[in-house]
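Participant: What follows is a predicted structure for the sequence shown.
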Amino acid sequence: MPALQLPQVAHRFTEVDGLRIFYREAVPAAEDAPVLLLLHGFPSASHQYRRLIDALGGHYRVVAPDYPGFGYSDLPADSGWTFDRLADTIEGFCLALGLDRFTLYAFDFGAPVGFRLATRHPEWIAGLVVQNGNAYEEGLSDLARGLVAETPEAEGSRERVTGLLTAEVTRGQYEGGTADPAVVAPEGWTLDQHFLDLPGRHGIQLDLLYDYSSNVALYPRWQEWLRQHRPPLLLVWGTGDAFFTEAGARAFTRDVPDAELHLFRTGHFALEEQVGEIAPLIADFLDRTWAAAPGPADR
């Protein structure tokens, strides 16, 4: 039996604006290997990418941070967190690690964080992999539109939004829309719920959920960025997503006609069921686009 080839994955912290930010990193032997930055979604953390890192980390430098108040990263002491502040932190994280050119994997919350990075630093973006990360109004399901419309002052809103932090909803995000829920390992949603239930964690989650409407307001700016820069774009999308619809995936091709679109019969956390199909697509995409994409010195 041949020896199994799995990457060495380091688990580290770096400090950004006084917060310890946890991250996972696989660094292959080749110094010029393509770099892939994985931005996670709600209510998860970098652990959602464990299998993808194992699949890709032997050939590519793969980096996956936890946002403040998510996973193993510090919980901020202050309130009033927004997606702008999340982007500030991940921008500082990239600067701390010297990440000035990478392919961005944007999933769920990772899309609004990632598009903020892209519009601030277009020279950093060698390519985009978007997996169920929305940037178009037609991609919002009725459920998502209801969340966008929530305000803290509305009657019953606090109870409705807090209801998104329950174990039932967390599990439903993983298993909903899948072809075979039995394929979805329970560790993912169980670990997510563990972190959600830690003292003080609900505060930052509610801040961000109420701020989600700020992302919708920025959709036109992100679409203009896509039209202007036409980055190499790979779309991998679970069509059973309760939040972000297939129409949102197809909408990207209006602004980036050369985008590569792959639809999968699975749910929001598409990697849970389809990592064996998606990882080779990402590897092929990185191999074809990394050398061709201009570096910071060329832009």
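Facilitator: Noted; the coordinates are in hand.

Participant: got a pLDDT number for Glu31?
Facilitator: On pLDDT, Glu31 comes in at 89.

Participant: same deal with Ala292?
Facilitator: At Ala292, pLDDT is 79.

Participant: who's in contact with it?
Facilitator: Neighbour list for Ala292: Pro232 [criterion: Cβ atoms under 8 Å, 6 or more residues apart in numbering]. Yep, even glycine has a C-beta here, placed from its N, CA and C like the rest.

Participant: How is it assigned, secondary-structure-wise?
Facilitator: Per DSSP: H, G, I helix; E, B strand; the rest coil, the secondary structure class of Ala292 is coil.

Participant: Could you check how far it is from Glu31?
Facilitator: Going from Ala292 to Glu31 by Cβ to Cβ, to the nearest Å gives 19 Å.

Participant: now the helices for the stretch 51-200 of the chain?
Facilitator: Remark: helices assigned in the stretch 51-200 of the chain by DSSP state H, counting those that start in this stretch are 83-97, 110-120, 142-149, 157-162, 167-175, 186-196.

Participant: Turn these into JSON lines, columns for mean neighbour count, mean pLDDT and distance to Pro231.
Facilitator: Converted to JSON lines, these look like this (neighbours: other Cβ atoms under 10 Å; pLDDT from 0 to 100; distance: least, Cβ to Cβ, whole Å):
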{"stretch": "helix 83-97", "mean neighbour count": "19", "mean pLDDT": "98", "distance to Pro231": "17"}
{"stretch": "helix 110-120", "mean neighbour count": "23", "mean pLDDT": "98", "distance to Pro231": "8"}
{"stretch": "helix 142-149", "mean neighbour count": "14", "mean pLDDT": "97", "distance to Pro231": "24"}
{"stretch": "helix 157-162", "mean neighbour count": "14", "mean pLDDT": "97", "distance to Pro231": "33"}
{"stretch": "helix 167-175", "mean neighbour count": "18", "mean pLDDT": "98", "distance to Pro231": "28"}
{"stretch": "helix 186-196", "mean neighbour count": "17", "mean pLDDT": "98", "distance to Pro231": "29"}
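
Participant: Surely Val148 touches Ser214?
Facilitator: No: judged on Cβ atoms under 8 Å, Val148 makes no contact with Ser214 at a distance of 9.7 Å.

Participant: any chance of the helices of the stretch 51-200 of the chain in CSV, with distance to Ala283 too?
Facilitator: Putting these into CSV (distance: least, Cβ to Cβ, whole Å) gives the following:
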stretch, distance to Ala283
helix 83-97, 22
helix 110-120, 19
helix 142-149, 31
helix 157-162, 38
helix 167-175, 24
helix 186-196, 22
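
Participant: how about the residue lying closest to Leu19 once chain neighbours are set aside, phi and psi?
Facilitator: Residue nearest to Leu19 in three dimensions, not counting chain neighbours: Asp74, with 4.4 Å by Cβ to Cβ, 6 or more residues apart in numbering. With angles defined as degrees, to the nearest 10, Asp74 sits at phi -60, psi 150.

Participant: How many residues are close by Asp74?
Facilitator: Applying other Cβ atoms under 10 Å, we find 16 residues neighbouring Asp74.

Participant: same check, this time on Tyr49
Facilitator: Neighbours of Tyr49 using other Cβ under 10 Å come to 25.

Participant: That one belongs to a strand, doesn't it?
Facilitator: No: counting by three-state DSSP, Tyr49 is not part of a strand but helix.
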